[in-house]
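*Asks:* sequence and predicted structure are below.
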Amino acid sequence: MEETNLRRRREDEKSVQSNEPKATNLQKEVGLLSGICIIVGTIIGSGIFISPKSVLANTESVGPCLIIWAACGILATLGALCFAELGTMITKSGGEYPYLMEAFGPIPAYLFSWTSLMVMKPSSFAIICLSFSEYVCAAFYVGCKPPNVVVKLLAAAAILLITTVNALSVRLGSYVQNVFTAAKLVIVAIIIISGLVFLAQGNTKNFQNSFEGAQTSVGAISLAFYNGLWAYDGWNQLNYITEELRNPYRNLPMAIIIGIPLVGVCYILMNVSYFTVMTPTELLQSQAVAVTFGDRVLYPASWVVPLFVAFSTIGAANGTCFTAGRLIYVAGREGHMLKVLSYISVKRLTPAPALIFYGIIATIYIIPGDINSLVNYFSFAAWLFYGMTFLGLVVMRFTRKDLERPIKVPIVIPIFVILVSVFLVLAPIISKPAWEYLYCVLFILSGLIFYFLFVHYKFGWAQRISRPVTKHLQLLMEVVPPEKDPE
């Protein structure tokens, strides 16, 4: 086997030198442990250190806040189980993209890739890296706010570093993910154990009358879900690298069943720890919940918290980059993006052009500054396409009965998450209309213009421009086109 791989590499290198590239493909280098680490490492990022404040602000009491966190974990698990059926039925990388393509055709799939590649994925990457930068800069600017230019430059450097690591090697990206996942589990364990110790000592006053003054309006509950689900974002990330999973029929569902409930338990216990140490009012007034917790519980070793929170965010950013690059790769392979974005590095066997493109777009999102306001309509767009994907699962139960389904969830599960998706999409608009939701819908629909101009009709002038660009990038980056789409 090693001799065969070596021979293929030599043939590929020779083909580049002769300007006649030989096709290659992504390699299966992600096992069960790495899959669990990708799920846990991508989900646990900046969300659990930031979102508790937003969830509490919408629920206005401790009891409903904890219920929202538990409900978000259950919803993420049910959604991931539906994706496990889709991922083992259609074993292509790219997450929702190939599933929408198979269920509804190219236009919904293109609109998903358009929205994800231009807004959802890079803005999420940028937010996580900005959060990392703010935590790191806080250690050097004690008592004052760090300059925006310093925060942005450090965030851009983090994007550059993470993109480079993932472009160099799949295995190196997996190792980085495993290390930072272990680091973030350390800080999660510290917060949980410290909180439980305080709880055992009788600090339970914040849990008394925990439902008093609760906000029960539909709009408030939906916004609380948005912020909670933001912290769980990443539950579907393993479906973006299905082609690189070893034994996906076993490892994909196993990683989901182990990883997401583990995160849910950690999130609930962390919130219990926060409320053990801080009153709801104090938590709402905190600039960084985890840092305030560390100052009260771990002093004089409170510096441990911002350090490990930085590790947590950089690990989440690495996982996001690792998986999102595969979506761009698959979209390019299907002809919905520039063809060069589907090319694979000959020496590294990574989708390097897709990762570099993703890093550039994410860096652009750092420039405007504070983009945390994107969370609400990021979630709006995300759950719009999640709902369409769950609907596609139900549709294919009737239209694609011939497809093999190693995993088959009860149909009541996708129907339930479809109804929840409809609620999450419509409730904020009905209860509290905002222009941002209209802008989001208009941006999604604007993708139709590019689809008909550059994908459906494929104007000749665009092809004449793209061919020499693709050829030069191919020679410069030593990349080759992928093999035919995997069955």
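*Replies:* Done, it's in. Numbers count the residues shown, from 1 in each chain.
*Asks:* quick check: Pro414 vs Leu78, distance?
*Replies:* Note on Pro414: its distance to Leu78, by C-beta to C-beta, to the nearest Å, is 9 Å. From N, CA and C alone the C-beta is placed, and that goes for glycine too.
*Asks:* neighbour count for those two, which is higher?
*Replies:* Neighbours per residue, other C-beta atoms under 10 Å: of Pro414 and Leu78, the larger number sits with Pro414, 24 against 20.
*Asks:* just the element for that one, please.
*Replies:* According to DSSP states H and E, Pro414 maps onto helix 412-431.
*Asks:* only alpha carbons, please: show that helix as CSV.
*Replies:* Coordinates of the C-alpha atoms in helix 412-431 are reproduced here as CSV (Å, rounded to 0.1, in the frame of the first residue of the first chain):
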residue,chain,number,x,y,z
VAL,A,412,-40.9,11.7,13.3
ILE,A,413,-37.5,13.2,14.1
PRO,A,414,-36.9,15.1,10.8
ILE,A,415,-40.6,16.2,10.9
PHE,A,416,-40.1,17.6,14.4
VAL,A,417,-36.9,19.5,13.6
ILE,A,418,-38.6,20.8,10.4
LEU,A,419,-41.4,22.3,12.6
VAL,A,420,-38.8,23.8,15.0
SER,A,421,-36.8,25.3,12.0
VAL,A,422,-40.0,26.9,10.8
PHE,A,423,-40.6,28.4,14.2
LEU,A,424,-37.0,29.7,14.5
VAL,A,425,-37.2,31.3,11.1
LEU,A,426,-40.7,32.9,11.4
ALA,A,427,-41.0,33.7,15.1
PRO,A,428,-38.5,36.6,15.3
ILE,A,429,-39.9,38.2,12.1
ILE,A,430,-43.5,38.0,13.3
SER,A,431,-42.9,39.1,16.9
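*Asks:* counting by contacts, list what the helix or strand following it packs against.
*Replies:* Once the chain leaves helix 412-431, the next helix or strand it forms, by DSSP H and E, is helix 435-450. With contacts defined as 3 or more C-beta pairs under 8 Å, 6 or more residues apart in numbering; DSSP states H and E, the secondary structure elements packing on helix 435-450 are helix 106-115, helix 374-399.
*Asks:* which elements pack onto the helix holding Pro414?
*Replies:* Helices and strands in packing contact with helix 412-431 are listed as helix 62-89, helix 218-232, helix 374-399; criterion 3+ C-beta pairs under 8 Å, 6+ apart.
*Asks:* format these as TSV; extra columns: mean pLDDT.
*Replies:* Formatted as TSV, the entries for those read as follows, by pLDDT from 0 to 100:
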stretch	mean pLDDT
helix 62-89	90
helix 218-232	83
helix 374-399	84
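*Asks:* okay if I get those helices as JSON lines plus distance to Val179?
*Replies:* Output for the helices and strands packed on helix 412-431, formatted as JSON lines (distance: least, C-beta to C-beta, whole Å):
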{"stretch": "helix 62-89", "distance to Val179": "24"}
{"stretch": "helix 218-232", "distance to Val179": "22"}
{"stretch": "helix 374-399", "distance to Val179": "28"}
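*Asks:* quick one: which of those helices is nearest Thr292?
*Replies:* Of all these, it is helix 62-89 that lies closest to Thr292, at 16.4 Å by C-beta to C-beta.
*Asks:* in terms of secondary structure, what does that closest one contact?
*Replies:* Under the contact definition 3+ C-beta pairs under 8 Å, 6+ apart, helix 62-89 sits against helix 47-59, helix 218-232, helix 248-277, helix 374-399, helix 412-431.
*Asks:* just the helices and strands packed on helix 435-450: most buried one?
*Replies:* helix 106-115 (a mean of 22; mean count of other C-beta atoms under 10 Å).
*Asks:* what is the distance between that helix and the centre of its chain?
*Replies:* Using C-alpha atoms, centre = their mean, to the nearest Å, we find the averaged C-alpha position of helix 106-115 to lie 17 Å away from the chain's own average C-alpha position.
*Asks:* before we move on, what about stretch 265-285?
*Replies:* Worked out by C-alpha atoms, centre = their mean, stretch 265-285 lies 24 Å from the chain centre.
*Asks:* CA atoms of it as CSV?
*Replies:* What follows is stretch 265-285, C-alpha atoms only, in CSV (Å, rounded to 0.1, in the frame of the first residue of the first chain):
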residue,chain,number,x,y,z
VAL,A,265,-24.0,18.2,29.5
CYS,A,266,-20.9,20.5,29.8
TYR,A,267,-23.0,23.5,28.8
ILE,A,268,-25.7,22.9,31.4
LEU,A,269,-23.2,22.3,34.2
MET,A,270,-21.2,25.4,33.2
ASN,A,271,-24.3,27.6,33.4
VAL,A,272,-25.1,26.1,36.8
SER,A,273,-21.6,27.0,37.8
TYR,A,274,-22.0,30.6,36.6
PHE,A,275,-25.3,31.0,38.5
THR,A,276,-23.7,29.5,41.6
VAL,A,277,-21.1,32.3,41.7
MET,A,278,-23.0,35.2,40.1
THR,A,279,-26.5,36.5,40.5
PRO,A,280,-28.5,37.0,37.2
THR,A,281,-27.9,40.8,37.4
GLU,A,282,-24.2,40.4,37.9
LEU,A,283,-24.0,37.9,35.0
LEU,A,284,-25.8,40.4,32.7
GLN,A,285,-23.4,43.2,33.8
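*Asks:* can you tell me which of the helices and strands packed on helix 435-450 is nearest to Val188?
*Replies:* It is, among the helices and strands packed on helix 435-450 and with distance given as C-beta to C-beta, helix 374-399, at 21.6 Å.
*Asks:* distance from stretch 204-219 to the middle of the chain?
*Replies:* 30 Å.
*Asks:* just the buried positions in it, please.
*Replies:* Within stretch 204-219, the residues scored as buried using 16 or more other C-beta atoms under 10 Å are Asn206, Ser210, Ala214, Gly219.
*Asks:* before we move on, what about stretch 319-335?
*Replies:* Neighbour count says stretch 319-335 has 319-334 buried, by 16+ other C-beta under 10 Å.
*Asks:* perfect, I'm done here.
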